[in-house]
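**Student:** I'd like to go over a predicted model; first the sequence, then the structure.
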Amino acid sequence: MKTVRTENFSKMDISQLFYDLFFDYTLRTVALGSAILGMVSGALGSFAVLRKQSLLGDAISHAALPGIVLAFLITRSREPIVLILGALIAGWLATLLMLSIIRTTRIKDDSALGLVLSVFFGFGLMLLTFTQKLPDATQAGLDKFLFGQAATLLQRDVITMGIIGVIALTLLFMFWKEFKLITFDSEFAGSLGLPIRVLDVLLTTLLVIAIVLGLQTVGVVLMSAMIVAPAAAARQWTNHLNKMVWLGGLFGAIAGVSGTLISGSAEKLPTGPVIVLCMSIIVFFSMLIAPNRGLIWNWFRTQRNRKLLRIQAVLADLHTLALQHPNEERGHPIATLRSMNAHPEFVSLILNQLKEQGMVQELSKNAWALTQAGLAEAEQTFKKEA
Amino acid sequence: MSLAQLEIQIIASLVAVACSLVGVFLILRRMAMMSDAISHTVLLGIVLAFFVTKNITSPLLLIGAALMGMLTVSLVELLNRTQLVKEDTSIGLVFPALFSIAVILISRFAGDVHIDNDAVLLGELAFAPFNRVKLFGLDFGPEAYYSSGGILILNLLFVILFYKELKLATFDPALAATLGFAPTLIHYALMTLVSLTAVGSFNAVGSILVVAFMVAPPSAAYLLTDKLSRMILYSALIGIVSAISGYWLANILDASIAGSMATMTGASFLIVYLFAPERGLLAQARRRQNQRIEFALTMLTMHIANHTAAHEAELENEVIHLNEHLKWSPKFAMEIVGIAERTGLVNQQSGLLSLTEIGKQRAAQEFNT
C-alpha cells in the first residue's frame, strides 16, 4: 500500500483507518475491489470446490498470463477489458486442453493440471520478457499480474470489476437449479435432458471470469486461494448449497476488506498475500469451531460418545451377571466388573455415576447390582442392539 | 556457442533429468500437483533459514527448504485426515497460505537482500555461469554444476537403490504394505527428494520450470511406453531436448530462459500427444478409421453371403443398393467396395457383387461367431 503510516497500532490508527476506508481514494478503491473480488470468487469457488475442481482455479489463473500478454501484443492497449478478455480466452483454452488430455489419454487429472499450469505460465513469462524488451515502453505494468498490485487499482478498474462480477453472479443465479444439478448429480441432470456439456462450459467460464477479476489484485500465484479458501470455510458451516454460496461470498468479501485494511496499516505489507492470509485464518477457525463439522465439536462429540459407551459397557456387564445368576439376589464386586471391562480404571467412577442416576445400587460393601430402573434401561439397550 | 551458453545448457539438462527422475513417480502416483505446492512453499523455508543464518549462500537454506517441503506434505495430509475438505482442496489451502507468509516476510524484512519473488518464479539461469567455484585459484566450473549435479546423483541413487520398492509402492501400495515394503516411508522419502530437487533447481531455473520439468516430460513419456524403466529414460531425454531447444528459443527471442524452456516442454508434450505411435491423437484417429473399415468390410461380406442364395440376389448385390440396405452413403459404399475388391474379398461384374473364396470364409467365420 502506498499510504505511509507509523507501524505501531494504536487506537488512533485504527479509527483513522476506518475513516480512510470511506474517504481515502486509494484505500476505498482497493477495499471495494477486494470486496467484489472476494464475493465473486467465494460464490463461484463454492461450485468449483464441490465439483472437486479446487486446483482448476490454480491452473486457470496461471494459464491466464499468456492471454493477458498476447492481448496486449495484439491490441497494444492496456484497457482492463481487453486484458480480461485475453485472460478469459487463454484460461478457457487451457481448461479445454486439459479436459481433452484427460479424456483422450491415460494421463490423470493432476498431471494434466500441472502440465497446463506450468507450460502456459512459462509461455506467458516468455512472452512477457519478450514484450518488455520491445522498444516502446507501453507494456510497463503488465507484470503486476504476476503478484498483483492492489494499490494500483483505479476507480475505473473497480467499476469494470463490478460490472463483470454482477454479470457473472446474475448468470449464476439464473442457472442456479441447473448448476446445482450438474454439481451433485450430473447423470440425473443428463437423464432430465439438460445440456450437461453446455452447462459445464458455462460454469467453468464463470469460474474463469472470477479468476481473471482477481489477477490484478492478488496476482496469478495467489488467486487460486481466493477460489478454494472461502468455499472451504463456508462448507464447514452448512450443508446447503445456497447458504454455502452466500457464506463463501461473505467470507471472501470480509477477507478482501480486512486484508486491505491490515496492509494499509503498515508499510511494506503487500495486499494480495495479506488478503490470502486473512482468508486462511477464516478457514482455520471455521474448521475448528463450525458447529457439527468443526474439529472442536467433533472432539466433544467423541468424548461424549466415549463416555456413553463406557457407561453402557458397565450396565451391560451388570446385566450379564444378573442373567448368569438368576436366582440370587446378590451384588458383584468391583474386581469382577473390572475384569470384564476394557477400561478397568474407569469402573468405580462409572458405578458412582450410575448410582447417582439410580441405575445401580450397592447392596452391601463392594457388592453392586442393577436397580429395577437399571435393569429396564439395560434390557432396552440390549433390545435396541439386537 | 560461448562457454557460458554451453554451461547454461548443461545446468538446465542436469535439472531436467533430476526433475524427470522424481516426476515420473509423481505423475504415476497422481501427485503431480504436489510439485506445484512444494515448489511454492520451499520459498518460506528459504526465507526462514535465511533469517537464522543471515547468509544467502548457506547450505542451511537447502535444509530449511527441504523441511518446509516435508511440512507442506504433512500439512496437506493432516488436513485430509480431518475429512473436512477433499484432497485437492487441502493442497489448494496449504500452499497459498505458506507462500503468502513467505512473500510478506520478504517484502517486510528482506527487502534489501537478494531474495525476491521474481527470482523465485523465474530463476536466474542466465547468471548461473557467473557464480563459479574457485579453489586454489583454479576454476572448477559454475556452482550450479555441483548443486544440480548433486541433486541429480541423489535422485539417481534413490531410484536405482529403491527401484523395486518404488515400483511396487507406486503400482500396488497394498501389496507393498503386505510384503513389508513400508510404502509410507517410500512416500516421504520421495517427497523429501521432490523438495530438495525443487529448491536445488529453482535457484537456477525458478519454481515454474521445476513444475514444468517434473510434469511435462514424464507425461509425454507416459504416452510412449508401458515400461517404467523406459518411461524414466524417455522422460529424461525429452527433458534434455526441451531444455536445450528452450535455451535457443530464449536466445532468439531475447526472452526468459525458464519461460522458454517451460514452453518447449509443452511443445514436446504436444508433439508426443499428437504423434505418439499408439496413444497419440493421430494414432487413435487412424485406429478408429481402420476399425470402421474393417467393420464395413465384414458387413459387406455378410450382406452378400446372405443374399447370394436368395432369388433377389441380382437386385440386392448391386453396388447402388448398398446405400439403401446398409445405410451407407454412395461415396462410402464405393470406397468400401473398392477396398474389398483390392483385398480380394469380392468380385464385381457389371455392377453385381459376388464373394471370392476368401470373402466367403470371412462371412462364414463371422456367422459362426
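**Tutor:** In hand now; what should we look at?
**Student:** the residue of the stretch 1-150 of chain A found nearest chain B: helix or strand, and which one exactly?
**Tutor:** Nearest to chain B in the stretch 1-150 of chain A, going by CB to the nearest CB, is A:Gly122, at a distance of 2.2 Å. Placement of C-beta: from N, CA and C, glycine included. Using DSSP states H and E, the element containing A:Gly122 is helix A:109-132.
**Student:** and the one residue in the stretch 251-369 of chain B that gets nearest to chain A, what helix or strand is that in?
**Tutor:** With CB to the nearest CB, the shortest gap between the stretch 251-369 of chain B and chain A falls at B:Ala262, namely 2.2 Å. Assigned by DSSP H and E, B:Ala262 falls within helix B:257-275.
**Student:** just to revisit the earlier point, alpha carbons of the helix holding A:Gly122, as PDB, please.
**Tutor:** Extracted C-alpha coordinates of helix A:109-132, given in PDB (Å, rounded to 0.1, in the frame of the first residue of the first chain):
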ATOM      1  CA  ASP A 109      -6.200 -35.000 -14.000                       C
ATOM      2  CA  ASP A 110      -3.500 -33.900 -11.600                       C
ATOM      3  CA  SER A 111      -0.800 -34.300 -14.300                       C
ATOM      4  CA  ALA A 112      -3.000 -32.500 -16.800                       C
ATOM      5  CA  LEU A 113      -3.400 -29.700 -14.300                       C
ATOM      6  CA  GLY A 114       0.300 -29.400 -13.600                       C
ATOM      7  CA  LEU A 115       1.200 -29.700 -17.200                       C
ATOM      8  CA  VAL A 116      -1.200 -26.900 -18.400                       C
ATOM      9  CA  LEU A 117      -0.400 -24.700 -15.400                       C
ATOM     10  CA  SER A 118       3.400 -24.800 -15.800                       C
ATOM     11  CA  VAL A 119       3.500 -24.700 -19.600                       C
ATOM     12  CA  PHE A 120       1.000 -21.900 -20.000                       C
ATOM     13  CA  PHE A 121       2.600 -19.900 -17.300                       C
ATOM     14  CA  GLY A 122       6.100 -20.500 -18.700                       C
ATOM     15  CA  PHE A 123       4.800 -19.400 -22.100                       C
ATOM     16  CA  GLY A 124       3.300 -16.300 -20.500                       C
ATOM     17  CA  LEU A 125       6.700 -15.500 -18.900                       C
ATOM     18  CA  MET A 126       8.500 -15.900 -22.100                       C
ATOM     19  CA  LEU A 127       6.000 -13.600 -23.900                       C
ATOM     20  CA  LEU A 128       6.200 -11.100 -21.000                       C
ATOM     21  CA  THR A 129      10.000 -10.900 -21.000                       C
ATOM     22  CA  PHE A 130       9.900 -10.700 -24.800                       C
ATOM     23  CA  THR A 131       7.400  -7.800 -24.600                       C
ATOM     24  CA  GLN A 132       9.400  -6.000 -22.000                       C
END
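**Student:** for that helix, what is the distance to the chain centroid?
**Tutor:** 26 Å (CA atoms, centre = their mean, to the nearest Å).
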